[in-house]
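**Q** coordinates only, sequence not included:
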């Protein structure tokens, strides 16, 4: 996430050795929150990386070799495997209920894909700057590379919602629509938010 910060800094500041040196101070400043959190966990649990290792308890499929793991990620297997009945990532194996309309295990890859499309459209149409596009891509790729394969795309819709630049593109697109369409989309979004919040409070397992 320091990459878009560096891109924006270099865009605003003329390049020189001293400005590059000054900009390098942004690196520890950008990491201070994470470093403090790691020190806290090291003090409490004796392991600064427990927030990463703890994720190993949440797997929906058998672990595979590192090579197979990255092969699946690079071939987007977590996305298409969700809809392949012969895959151990098949959505019905992990969340047969509720029905498709409200089943997030079914919709997770679709929300993820649509968020990616929004980011690409925003970059291609120059709705987003290069640094904003890189930020959005990073926010989308972090959970995909970190959790998508072993968790069968679980929670990817929730993770995609924090790819803020994609929301900026959606807002721009909706602002160009008629008032009727805007109210209709707002009503649909509000209804989904209420339903998903209720499911979350009921401990729906992958939210």
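**A** Happy to help now that I have it. Quick caveat: nothing in here was measured; it's all calculated off a predicted structure.

**Q** C-alpha from now on. contacts and neighbour counts both.
**A** Noted.

**Q** give me the contacts around the lowest-mean-pLDDT helix or strand in the chain.
**A** The weakest-scoring helix or strand in the chain, judged by mean pLDDT, DSSP states H and E, is helix 17-24 (a mean of 78). With Cα atoms under 8 Å, 6 or more residues apart in numbering as the test, helix 17-24 has contacts from 6, 9, 13.

**Q** what packs against the top helix by length along the chain?
**A** Identified as the longest helix of the chain according to DSSP state H is helix 179-201. On a contact count with 3 or more Cα pairs under 8 Å, 6 or more residues apart in numbering; DSSP states H and E, helix 179-201 meets helix 164-175.

**Q** helices and strands around the helix it packs on, which ones?
**A** Using 3+ Cα pairs under 8 Å, 6+ apart, helix 164-175 sits against helix 104-124, helix 130-143, helix 179-201.

**Q** can you pull the buried residues of it?
**A** 164-169, 174 (16 or more other Cα atoms under 10 Å).

**Q** sec struct for residue 98, please.
**A** Following DSSP: H, G, I helix; E, B strand; the rest coil, the label given to residue 98 is coil.

**Q** hang on, I meant residue 154
**A** Following three-state DSSP, we place residue 154 in the coil state.

**Q** that one touches residue 106, doesn't it?
**A** No: if you go by Cα atoms under 8 Å, residue 154 and residue 106 don't touch, sitting 9.2 Å apart.

**Q** more neighbours, the two?
**A** More crowded of residue 154 and residue 106, by other Cα atoms under 10 Å: residue 154, with 30 against 23.

**Q** can you list the weak-confidence ranges in the chain?
**A** By pLDDT under 70, the low-scoring segments of the chain are 205-207.

**Q** how does the protein divide into domains?
**A** Domain assignment of the chain by automatic domain parsing yields the ranges 1-57, 60-207.

**Q** out of those domains, deepest packed?
**A** Most buried of the domains of the chain, by mean neighbour count (mean count of other Cα atoms under 10 Å): domain 60-207, with a mean of 17.

**Q** quick one: distance of that domain to the chain centre.
**A** Distance, stretch centre to chain centre, for domain 60-207: 7 Å (Cα atoms, centre = their mean, to the nearest Å).

**Q** same deal with stretch 5-22?
**A** With Cα atoms, centre = their mean, you get 28 Å for stretch 5-22.

**Q** straight-line length of that stretch, end to end?
**A** 13 Å (Cα to Cα, to the nearest Å).

**Q** again, but for stretch 13-30
**A** 18 Å.

**Q** and what of stretch 41-52?
**A** End-to-end for stretch 41-52, by Cα to Cα: 11 Å.
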